[in-house]
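S.K.: Need a 3D model of the following:
(2 chains)
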Amino acid sequence: MNVQILNFIIYQAMKSGTPLLLATLGEIYAERAGILNLGIEGMMAFGAVVGFGVAYTTGNPWLGLLLGALAGALISLIHAFFSISLRVNQVVSGLALVILGLGIHSVMGKPYVGQKLSNTITGIISPSLAQIPVVGSIIVQDPIAFLGLALSVVLWYVLFKTKYGIILRSVGENPAAADALGINVYKVRYLATIFGGLMAGLAGAYLSIIFRPSWTEGITAGMGWIAIALTIFSLWNPIHALWASYFFGAISASQYLLQGKGIPVDILGMMPYIFTLVIVVIASLAQLKKRIGAPEALAVPYVRGQS
Amino acid sequence: MVVVAIVFGLIGYFAAPKGETKVITKPPTLKAAFIYVGDIGDYGWTHAHNVGRLWVEQHFSWLNTTYVENVGAEDARQVIENLISQGYTVIFGTSFDHMIPMKEAAENHTDIIFFHCSGYIRRPNMGTYMADFYQLYYLNGLMAGALTKTNKIGYVAAHTIPEVVRHIDAFALGIKEVNPDAKVYVRVIHAWYDPEKAQSAANALLAEGADVLAFTEDSPTVLQTLESKMKETGTQYYGFSHYSPMQDIAPNVTVSGQLVHWEVIYADILSKVYAGLYTNTNLQDVDYWGLLDSGAVELGGKPGVPINPKFVNDLKSVTVTDKLTGEELSVYDLVMRRLDQMKDKQMVFDPFEAYNEPIMGWPKDGSPEDLQEMIPVGHRLTYHERLVIDWWVDNVVSVGE
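M.R.: Residues are numbered from 1 along each chain as shown, chains lettered A, B, ... in the order given. As a prediction, the model looks like this:
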C-alpha cells in the first residue's frame, strides 16, 4: 500500500463519511429521545434537491446548505407530528416519509439532471498540501467536514455532560418518570426529531452541493439507511458515530481499489450492515444491555397517563 | 382495336367529373414510438436516442412520434401493447433488454413494424440497428497513449458485455499502437447509469496512478471527477467524452470522445417506411451497423470538434510510426489519417486487423498471464467475431469484476 493510496482512502473516508456522520448525529439525538426516525433517506433526498436547487438558482452554496437543512427539518416535522402527537406507528411514519422524500426529489430534480454548480465550497487550505502523508488528506477538507468533526464532540458533551443531555436521555429511557419530574416530554421529542431532520437535510445538501459533481436522481444512494445502521453501530454515542462514519466511508472508498485485487464490490457493500448486526448481537448480551443498549422507550409512543 | 380505344376514351371522358381537377390526397401521417431503457436526462445513451427522435420529428412533417422512458425487460411488452393500441405503427426499442419482448410482440402483431437497437433477432416485421463506437475508441486510444504521463490508463465500464469489451479492446489497441508500455486498468460498476459508482471507480483508478480515463456509463460523472480533481490538485488529467457531447462540461480534461447521431439511422429507416420501401414483410435482413462511413458516429467530445484544441499541440509533438506504411508522423496526423481511412467505405484500415504481427490477448474468464494469439497476421475480425468478442488485448492488465 503506497502513500498515494493511503491518502486517497483517508481523504475519501472523511469526505463520504461526513454526510453519514451528520445524518447519524441527528438520528442519535432523535432516538435518544425515544423517536425512531426511519425517514432519513427521504429527508436527505429532499434536503439534497432543495439545497441544490437553491445553490443553483442563487449561486450561493451556503444558502443551499441552510435551506437544505431546513427542508429536512420540515419533513421531520411531519414525522414528529404523526409520531408524537398522533402516536402513529413510528416505523410506518418514517418509511412513508422515505417514499415521499425520494419521490419529491425525483420530480423536483428533473430540471437539474446533469447540471453542476458554478460556485461550490472547497477546503480553506490549499489543495497542493494534500500530498502530505495522512495529515494532508485531512487538512484540505471542506468546512462542513470539520463541522461534522466538531459537532460530534459538542453533541457528545451535551448528551453526556450537561443537564440538557440528561433531560433528552431520560425522555428516551423513561418518559413517564421524566414527565413526573416536570419535563415536557412532547416538546423535547419534537425538538429532537426536528434536529434529526435538520441534520439529515444538511447531510443531503452536502451530498448535492459538495460531494457530487452534478445533480443526479438517487443521489443519496442508500446513505440514509447506512446512517440508521450507524446509529445502532455507534451505540447511540456521538463519538463512536465519528470514527464509525469515517470507517464506513473508508469501506466505500476502497470498493474499487479492492475490485482490482479480485474482491467483488458487493462484498464491501454488505460490510456496514454485517458490522452493525455483529454489534447488535454483542450489545444485546444481557450484561452489556443496561449500559450500552438502545433507549428503553425507543419507538414507543408516550401518552401522559399511560405507562 | 381502334374502336375499343375510342369507346374507352369516350367512356373515360363522360365518366370523369366535369370542371374538377383530380384531388391529391394528403399522405397519411406516420406514427412512430420510441421505447427508452433510461431517462432522457441521463446525458448518455437514452438522451442521444431522444436527440435522434427529436431531429426526425422536426424534419419530417409527416411524422408524429412519442416516447416512453425507463422501460425495462419486464415492462416492455405491456408498453408495446399500449403503444400499438394508441395507433403507433412503427416501434423502436432502444435497449438490448427490449429484444425478447419486442420479438414476442412482433409475432403477435405482424402488421406493425419493429426496429430493435443493439440486438440480433430479426423477423419479416422486425429489423435491427446499431451504431458502434469501436473505431472511435481506437482513435481515442491513439490519443490516450500519446498523452499519458504515468502509462496507466483507466476505464470505467458498465458491464462487460461484448459491445463494451469490443470498445475497451479497440481503445487498448489504439493505446498500444502509440505507446506499447502503457497499461489499461478496467473497473466494472455493473450499471449503465450510476454516477455514484462511476465517481467511486474513477477516484479509485486515479488513486492507483491512472491519469487518463475513458468510460462507458451514461453520465458525465467520470469527466466531472477528472475536472474537479484537476482543479483541486493542478495536475493535468485526460478524459474522453462518451455518447453525448460532454466537452463543454469538462473543457480542461476532455481530449476527444465518441458521439452518436442516431438521427442518421432514424431518418433512413423512417423515410424508407414512409416511402413504402420497408414494409412489415421485408425486414428479415435489415440490419444497420452504423460506423464512421455512414455518419452515424462521429469522433469528438463536441460535434464538429474531433480533438479539443487545447491538446492539439501536445498530440503534434509526439511522433509514432505508421504500422501500415512505416512512415514517421505525429500522433495528431496519424489520428487524422486513420479517421479518413475508416470513413472510407472501403474501410482501408480496421483496428481489429493484425497487420505485421499477431494481436495477443487473454480470455475474459482467464487471467492476464494466459496470453494467446487472438488475431493471426493478415486476419481481420469478422462481423460475427466482433459481436461475440470475449477476450482482452494483452495491454489490459487488470479487470475488476
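S.K.: Against chain B, how distant is residue A:203?
M.R.: Distance, residue A:203 to chain B, by C-beta to the nearest C-beta, to the nearest Å: 15 Å. The C-beta positions use only the backbone N, C-alpha and C, and glycine is treated the same way.
S.K.: That residue: what's it in contact with?
M.R.: A:18, A:19, A:20, A:21, A:22, A:23, A:26, A:44, A:47, A:72, A:223, A:227 (C-beta atoms under 8 Å, 6 or more residues apart in numbering or on different chains).
S.K.: quick one: the third one and residue A:248 touch, right?
M.R.: I take that to be residue A:20. Yes: using C-beta atoms under 8 Å, residue A:20 makes contact with residue A:248 at a distance of 5.9 Å.
S.K.: got any residues that touch both of the two?
M.R.: Joint contacts of residue A:20 and residue A:248 (C-beta under 8 Å, 6+ apart) are A:226, A:230.
S.K.: sorry, back to before: between the contacts of residue A:203, which is nearest chain B?
M.R.: Taking C-beta to the nearest C-beta as the measure, chain B lies nearest residue A:223 of the contacts of residue A:203, at 9.4 Å.
S.K.: On the strand side of things, show who the residue nearest to residue B:401 when sequence neighbours are not counted bridges to.
M.R.: Excluding the flanking residues, the one nearest residue B:401 by C-beta to C-beta, 6 or more residues apart in numbering or on different chains is residue B:188, at 5.6 Å. Bridge pairing for residue B:188 (DSSP bridges) gives the partners residue B:157.
S.K.: which residues sit in contact with residue B:188?
M.R.: By C-beta under 8 Å, 6+ apart, the contact set of residue B:188 is A:259, B:157, B:158, B:159, B:160, B:399, B:400, B:401.
S.K.: Would you mind listing what in chain B touches chain A?
M.R.: Proximity of chain B to chain A is confined to B:39, B:41-43, B:185, B:187-190, B:195-197, B:199-201, B:203-209, B:219-221, B:224-225, B:227-228, B:232-234, B:249, B:398, B:400-401 under the rule C-beta under 8 Å from any C-beta of the partner chain.
S.K.: Now, of those residues, which are buried?
M.R.: B:39, B:41-43, B:185, B:187-189, B:195-197, B:199-201, B:203-208, B:219-221, B:224-225, B:227-228, B:249, B:398, B:400 (16 or more other C-beta atoms under 10 Å in any protein chain shown).
S.K.: Mark which of those residues are part of helices, please.
M.R.: Among those, the members found in helices (DSSP state H) are B:195-197, B:199-201, B:203-207, B:221, B:224-225, B:227-228.
S.K.: I'd like to know which of those is nearest to residue B:140.
M.R.: Nearest to residue B:140 out of these is residue B:205 (C-beta to C-beta; 16.0 Å).
S.K.: For the stretch 1-150 of chain A, which residues are neighbours of chain B?
M.R.: Counting by C-beta under 8 Å from any C-beta, the stretch 1-150 of chain A sits next to chain B at A:4-5, A:8-9, A:12, A:110, A:113-114, A:116, A:122, A:127-128, A:130, A:140.
S.K.: Can I get those residues in JSON lines including distance to residue B:283?
M.R.: Below are those laid out as JSON lines (distance: C-beta to C-beta, whole Å):
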{"residue": "A:4", "distance to residue B:283": "55"}
{"residue": "A:5", "distance to residue B:283": "53"}
{"residue": "A:8", "distance to residue B:283": "52"}
{"residue": "A:9", "distance to residue B:283": "54"}
{"residue": "A:12", "distance to residue B:283": "51"}
{"residue": "A:110", "distance to residue B:283": "36"}
{"residue": "A:113", "distance to residue B:283": "35"}
{"residue": "A:114", "distance to residue B:283": "35"}
{"residue": "A:116", "distance to residue B:283": "43"}
{"residue": "A:122", "distance to residue B:283": "55"}
{"residue": "A:127", "distance to residue B:283": "57"}
{"residue": "A:128", "distance to residue B:283": "60"}
{"residue": "A:130", "distance to residue B:283": "58"}
{"residue": "A:140", "distance to residue B:283": "59"}
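S.K.: Among these, the buried ones, what's the ChimeraX command?
M.R.: Selection of buried members from the residues of the stretch 1-150 of chain A next to chain B for ChimeraX, criterion 16+ other C-beta under 10 Å:
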select /A:8,9,12,113,114,116,122,130,140
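S.K.: Quick check: what element follows the worst-scoring helix or strand of chain B on mean pLDDT along the chain?
M.R.: Each helix and strand of chain B was given a mean pLDDT (mean pLDDT, DSSP states H and E); the minimum falls on helix B:2-15 at a mean of 66. Using DSSP states H and E, the helix or strand that follows helix B:2-15 in sequence is strand B:30-35.
S.K.: Show me the shaky parts of the stretch 1-150 of chain A.
M.R.: Across the stretch 1-150 of chain A, the ranges flagged by pLDDT under 70 are A:1.
S.K.: Helices of that one, start to end?
M.R.: Along the stretch 1-150 of chain A, the stretches classed as helices by DSSP state H, counting those that start in this stretch are A:3-32, A:40-58, A:61-80, A:90-109, A:135-139, A:143-161.
S.K.: Which residues belonging to the fourth one are considered buried?
M.R.: It stands for helix A:90-109. Buried, per 16+ other C-beta under 10 Å, within helix A:90-109: A:90, A:93-94, A:96-98, A:100-102, A:104-105, A:108-109.
S.K.: again with stretch B:118-126
M.R.: Per 16+ other C-beta under 10 Å, stretch B:118-126 contains these buried residues: B:118, B:119, B:122, B:123, B:124, B:125, B:126.
S.K.: ok, now stretch B:245-263?
M.R.: For stretch B:245-263, burial by neighbour count (16+ other C-beta under 10 Å) applies to B:245-247, B:249-250, B:253-263.
S.K.: Stretch B:364-377 now?
M.R.: Quick answer for stretch B:364-377 (16+ other C-beta under 10 Å): B:374, B:375.
S.K.: Dump that stretch to CSV, restricted to CA.
M.R.: Output of stretch B:364-377 as CSV, limited to C-alpha atoms (Å, rounded to 0.1, in the frame of the first residue of the first chain):
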residue,chain,number,x,y,z
LYS,B,364,-12.2,-12.9,-20.3
ASP,B,365,-12.7,-15.7,-17.8
GLY,B,366,-8.9,-16.4,-17.6
SER,B,367,-6.2,-14.2,-16.3
PRO,B,368,-3.8,-11.7,-17.8
GLU,B,369,-1.0,-14.3,-17.9
ASP,B,370,-2.8,-16.7,-20.3
LEU,B,371,-1.7,-14.8,-23.4
GLN,B,372,-2.8,-16.3,-26.7
GLU,B,373,-2.9,-15.3,-30.3
MET,B,374,-6.3,-13.8,-30.8
ILE,B,375,-6.0,-12.4,-34.3
PRO,B,376,-3.4,-14.0,-36.6
VAL,B,377,-1.4,-12.0,-39.0
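S.K.: Check the helices of the stretch 1-150 of chain A for me and report the most buried one.
M.R.: Between the helices of the stretch 1-150 of chain A, helix A:40-58 has the highest mean count of neighbours, a mean of 28, where neighbours are mean count of other C-beta atoms under 10 Å in any protein chain shown.
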